[in-house]
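Trainee: Sequence and predicted structure, then a few things I'm wondering about:
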Amino acid sequence: MEKKKRIVIALGGNALGNTLPEQMKAVKITSRAIVDLIQEGCEVIVAHGNGPQVGMVNNAMLALTREDPQQPNTPLSVCVAMSQAYIGYDLQNALREELLNRGITDIPVATMITQVRVDADDPAFDHPSKPIGRFMTKEQADLMTEKYDYIMKEDAGRGYRRVVASPKPQEIVEIGTIRTMVKSGDLVIACGGGGIPVTRQGNHLKGASAVIDKDFASALMAKELDADFLIILTAVEKAAINFGKPNEQWLDDISVEQANQYIKEGHFAPGSMLPKIQAAVDFASSKPGRQALITLLEKAKDGILGNTGTRIHL
Ligand code: ADP
Ligand code: MG
C-alpha cells in the first residue's frame, strides 16, 4: 500500500467566521473540506488562525476588568490560550460529527493546547504590527495606553486599534505529544492562533505579549512532523502577481526561486499574502519533495489532486 500523504492544513479567517454563531456554522463547512482529504487517503493535522477571536477574548476580559477592579488585566498569551480552546472545541466537535456521518468511527479528534517559543529579543517586539480587537476613537485609544500600556495605531482610516508584536515561532513546545497523537492515528488540531507565545526563562515558560502568525507556526509544525504538504486555506483560490491591477496574473505552479523573486518585487501584501508565501517557501525549501499549496477552503480537495491553487516547490 502506498504511504499516506501527511498534510498540515492551516485554516484562515474565512474558515472560522467572526462571531460565535458564524464560527459554529463555518466549522461545519470547514470539517467537510478536511474530511474530504481524509477520505482521499491523507493523514491530516489541523492548524488555524485566531485574529478576530483573540481580539474578542481580549475585549471581553478588558470589560471584566472595567466592571470589577479586583480583576487584573488578562495577559495576551492567556487570551491566545482561551481562543485556542474555544476554536478547538467548535472544530473538534464538528470534525467528529462529520467523520461519524461518513461512517468513519476509528479516528479520534482532539485539540492540543500548544505553546510556541519565541525569542525574547525578536525585533518584532520593538515593532508591534498586528492589529487586534475593536476600533476606538483617539480619546479611547489614549486611555488604553495610559491604563494598560497598550500601543494603539490608526488602522486605515477606520479608527484606532491595539497593535501587538508578531514574533517568529522558534520551537513548538508540545511537538512530541502532537507527534505521538498523529502516529496513533488521531486527528489533531494544534498550534491554534499560531500557538501561545512563550519565552524561556530556565525551566519556566513565560507568556509573551504577542500573537504569532499562524502561517509561520504551521510551516514549522509541518517541518517538525515531516509532512509532505503544507496547505494554507484562505479567501482566494490562488496567489497573484500584480494583485488587483489590470495586469493581475494568478499563479499556478512556482518554484521557491520564482516565489522569492516575486517577494522581492513586492507582489504580496505584508500581513496577508506575504506571510503565506514566506511560510510556503520556508516549508518547500526545507527538504526535497515537500510542497506547499495556497488555495480556497472549498477547493482543498481539488488542490491536493493538482487541479487548482498556487503550488510552491523546490
Ligand atoms: P487568512 O485569514 O486566511 O490568513 P488574510 O486576509 O490574512 O487571510 O490573507 C488572504 C488575503 O490576502 C486575500 O483575501 C487577498 O485579499 C490578500 N492578498 C494580498 N496580496 C495578494 C496577492 N498577491 N495574491 C492574492 N491575494 C492577496
Ligand atoms: Mg492572515
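Mentor: Here it is on my side, so go on. Numbering: from 1, shown residues only. Ligands and ions are numbered 1, 2, ... in the order given.

Trainee: quick one: the lengthiest helix in the chain near ligand 1?
Mentor: Ranked by number of residues, the top helix in the chain under DSSP state H is helix 76-101. No: no part of helix 76-101 sits near ligand 1 under the criterion C-beta under 6 Å from any ligand atom; the closest distance found is 12.8 Å. For every residue, glycine as well, the C-beta is placed using N, CA and C.

Trainee: Point out the other elements, helices or strands, that that helix touches.
Mentor: Judged by 3 or more C-beta pairs under 8 Å, 6 or more residues apart in numbering; DSSP states H and E, the packing partners of helix 76-101 are helix 20-39, strand 42-48, helix 51-67, strand 109-111, strand 187-189, strand 196-201, strand 204-207.

Trainee: Report the separation between H313 and ligand 1.
Mentor: Here the criterion is C-beta to the nearest ligand atom, to the nearest Å. By it, H313 lies 18 Å from ligand 1.

Trainee: should've said L314
Mentor: From L314 over to ligand 1 the distance is 21 Å, taken as C-beta to the nearest ligand atom.

Trainee: got the contact list for that residue?
Mentor: For L314, the contacting residues are S255, V256, A284, S285, P288, R290, taking C-beta atoms under 8 Å, 6 or more residues apart in numbering as the criterion.

Trainee: Please repeat the previous calculation with a cut-off of 7 Å.
Mentor: Residues near L314 by C-beta atoms under 7 Å, 6 or more residues apart in numbering: S255, V256, A284, S285, P288.

Trainee: which ones among those are found in strands?
Mentor: S255 (DSSP state E).

Trainee: The least confident helix or strand in the chain by mean pLDDT near ligand 1 at all?
Mentor: In the chain, no helix or strand scores lower on mean pLDDT, DSSP states H and E than strand 130-136, which sits at a mean of 82. No: where contact is defined by C-beta under 6 Å from any ligand atom, no part of strand 130-136 touches ligand 1; the two come within 10.4 Å at best.

Trainee: got the CA positions of that strand in CSV?
Mentor: The C-alpha coordinates for strand 130-136 follow below in CSV (Å, rounded to 0.1, in the frame of the first residue of the first chain):
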residue,chain,number,x,y,z
LYS,A,130,-0.6,43.1,14.2
PRO,A,131,-3.9,44.9,14.8
ILE,A,132,-6.3,43.1,17.1
GLY,A,133,-9.7,43.8,18.8
ARG,A,134,-12.2,46.6,18.2
PHE,A,135,-11.8,50.0,16.7
MET,A,136,-11.7,53.0,19.0
